[in-house]
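Asks: Sequence first, predicted model second:
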Amino acid sequence: MHLAQRLEKIPPYLFAEINRKRDKLVAQGVDIINMAVGDPDKPTPAHILQVMHEAIDDATNHNYPPYEGMQEFRAAAAKWMEFRFGVTGLNPDTEVVASIGSKEAIHNTFLAFVEAGDYTLIPDPGYPVYRTSTIFANGEPFTMPLKLENQFLPDLSAIPEEIARKAKLLWINYPNNPTGGVATMEFFTELVDFCKQYNVLLCHDHAYSEMAYDGYKPPSVLQVPGAKDIAIEFHSLSKSYNMTGWRIGFVAGNALGIQGLRQVKTNVDSGVFKAIQKAAIAAYSTTEAELQAVMSVYQNRRDIIVKGLQSLGWPIQPPKATLYVWVPVPPGYSSAEFVNLLLDKCGIMVAPGNGYGAAGEGFFRIALTIPEERMQEAIGRMKDAGICYA
Ligand SMILES: *Cc1c(COP(=O)(O)O)cnc(C)c1O
């Protein structure tokens, strides 16, 4: 028996090695503070749970759902795009499709648009799926470095002409995992122009659209006039509403983009449990006060981590959005060396920046998914161990 070659081309799972090390330390009785994985620790808001409880008992929800999502769900998604971003006129039948969380839809978009030898333009550092799904589709990933000095936005002028011509998809993700970077409308406009010039489907992964702080509201790329000619946007309830386990989101925008994705999905999955779609509709009517109640937890944690690291000499500013703080490793260390040092000396687990791509080298990522006391404890352990930025 042999595994398919496409599996051999997939880089090892980001956390595989560090998880082995953690398991060994846990077996020795070490109390590990895990800030590596971006999975919200708080429950889904009560008004969403309430609708789910009722929907489960309704037998009309128990059969196969429509592949593309219930009409009611797609209409609620289109309405939310208008309410939240002022994006009007999305047709729920042709310009919106339900997804089983955005990871699934991201992968299937590659299958719908990338052929052997086609390029994909992907951010580095970035969500690992963009690279692995390019490989699954036999495409060639071309990475766009996200650098601190460019506010973690890619430099489009650095993409060679012949690569741009052979590219099928360009992926961006703002607010950004892992860097915490945010995009301006000016940058989105530049991207739409670039993608139109080269006839590349612009794919905006908007997984953190609601996870923003200090009054900041991240924009949609579909707010750019004419963006729908070339762009689709991936929305997810996972992070914003503490719903990672529920597996629901939607994709909206260009009709051909949605049609391609729908065609793949119709052949590989059978949709999202209708009860979950009904709960998701309730999520889209979350009030601003309820949303802020979820976000204030992360904002307080962000402030503890940023102030704590600043007190140890780190030259960082609080990110405006996401579940993460993207932190430079002290001079003289690689990402892997410093992450291992934190684990060995302090029992603290964080994600090495190079796990998100070569341009992530020199950084590590802290996820804001543990209680405040544990974060205080982590900063205390670093101080006691003499770890600082110097
Ligand atoms: C978490 C995450 C996703 C996947 O979210 P799901 O909707 O749960 O599949 C997609 N993109 C980025 C950048 C993420 O961080």
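Replies: Noted; the coordinates are in hand.

Asks: give me the number of residues near the residue nearest to residue 246 when sequence neighbours are not counted?
Replies: In this structure, residue 246 finds its nearest non-sequential neighbour in residue 276, 5.5 Å apart by C-beta to C-beta, 6 or more residues apart in numbering. Every residue, glycine included, has its C-beta placed from N, CA and C. Residue 276: 25 surrounding residues under other C-beta atoms under 10 Å.

Asks: what do you get for the one 4 residues further on?
Replies: Neighbouring residues of residue 280 were enumerated by other C-beta under 10 Å; the total is 27.

Asks: Only the C-alpha atoms, please, for the helix or strand that contains it, written as CSV.
Replies: Per DSSP states H and E: residue 280 is located in helix 274-283. Only the C-alpha atoms of helix 274-283 are listed here, as CSV (Å, rounded to 0.1, in the frame of the first residue of the first chain):
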residue,chain,number,x,y,z
LYS,A,274,-30.5,22.6,9.3
ALA,A,275,-30.7,23.2,13.1
ILE,A,276,-27.2,24.7,12.9
GLN,A,277,-28.2,26.9,10.0
LYS,A,278,-31.2,28.2,12.2
ALA,A,279,-28.8,28.9,15.1
ALA,A,280,-26.5,30.7,12.7
ILE,A,281,-29.4,32.9,11.6
ALA,A,282,-29.8,33.9,15.2
ALA,A,283,-26.1,34.6,15.4
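
Asks: Which parts of this protein belong to which domain?
Replies: 5-43+288-384, 46-283 (automatic domain parsing).

Asks: mind checking how far the first one is from the chain centre?
Replies: Spelled out, it's domain 5-43+288-384. 16 Å (C-alpha atoms, centre = their mean, to the nearest Å).

Asks: and it, average pLDDT?
Replies: Throughout domain 5-43+288-384, pLDDT has a mean value of 94.

Asks: distance between the ends of it?
Replies: Distance between the two ends of domain 5-43+288-384: 48 Å, counting by C-alpha to C-alpha, to the nearest Å.

Asks: Over to the longest one?
Replies: Chord length of domain 46-283, first to last residue, is 10 Å (C-alpha to C-alpha).

Asks: ok, the residue nearest to residue 246 to the ligand distance?
Replies: Using C-beta to the nearest ligand atom, to the nearest Å, residue 276 is found at 12 Å from the ligand.

Asks: Show me where the stretch 51-200 of the chain has its helices.
Replies: Ranges of helices in the stretch 51-200 of the chain, per DSSP state H, counting those that start in this stretch, are 71-85, 102-113, 129-136, 161-166, 185-198.

Asks: Buried deepest among those helices, which one?
Replies: helix 102-113 (a mean of 23; mean count of other C-beta atoms under 10 Å).

Asks: just to revisit the earlier point, in JSON lines: the helices of the stretch 51-200 of the chain, plus mean pLDDT and distance to residue 286.
Replies: Shown next, in JSON lines, are the helices of the stretch 51-200 of the chain (pLDDT from 0 to 100; distance: least, C-beta to C-beta, whole Å):
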{"stretch": "helix 71-85", "mean pLDDT": "98", "distance to residue 286": "10"}
{"stretch": "helix 102-113", "mean pLDDT": "98", "distance to residue 286": "18"}
{"stretch": "helix 129-136", "mean pLDDT": "96", "distance to residue 286": "26"}
{"stretch": "helix 161-166", "mean pLDDT": "97", "distance to residue 286": "39"}
{"stretch": "helix 185-198", "mean pLDDT": "98", "distance to residue 286": "24"}
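
Asks: on that earlier part again, a markdown table for the domains of the chain, including distance to residue 390?
Replies: Converted to a markdown table, the domains of the chain look like this (distance: least, C-beta to C-beta, whole Å):
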| stretch | distance to residue 390 |
| --- | --- |
| domain 5-43+288-384 | 6 |
| domain 46-283 | 19 |
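
Asks: highest average neighbour count across those domains?
Replies: Greatest burial across the domains of the chain, using mean count of other C-beta under 10 Å, falls to domain 46-283, with a mean of 19.

Asks: And the strands in the stretch 101-250 of the chain?
Replies: For the stretch 101-250 of the chain, applying DSSP state E, counting those that start in this stretch gives strands covering 119-124, 140-145, 167-172, 201-205, 231-236, 249-253.

Asks: so which of those strands gets nearest the ligand?
Replies: Taking C-beta to the nearest ligand atom, strand 231-236 is the member of the strands of the stretch 101-250 of the chain nearest to the ligand, at 3.2 Å.

Asks: out of the helices of the stretch 51-200 of the chain, nearest to the ligand?
Replies: Of all those, helix 102-113 comes closest under C-beta to the nearest ligand atom, at 3.4 Å.

Asks: Check which helices and strands the closest one sits against.
Replies: Other elements packing on helix 102-113 under the criterion 3 or more C-beta pairs under 8 Å, 6 or more residues apart in numbering; DSSP states H and E are helix 129-136, strand 167-172, strand 201-205, strand 231-236, strand 249-253, helix 255-268.

Asks: Among these, which comes closest to residue 348?
Replies: helix 129-136 (26.3 Å; C-beta to C-beta).
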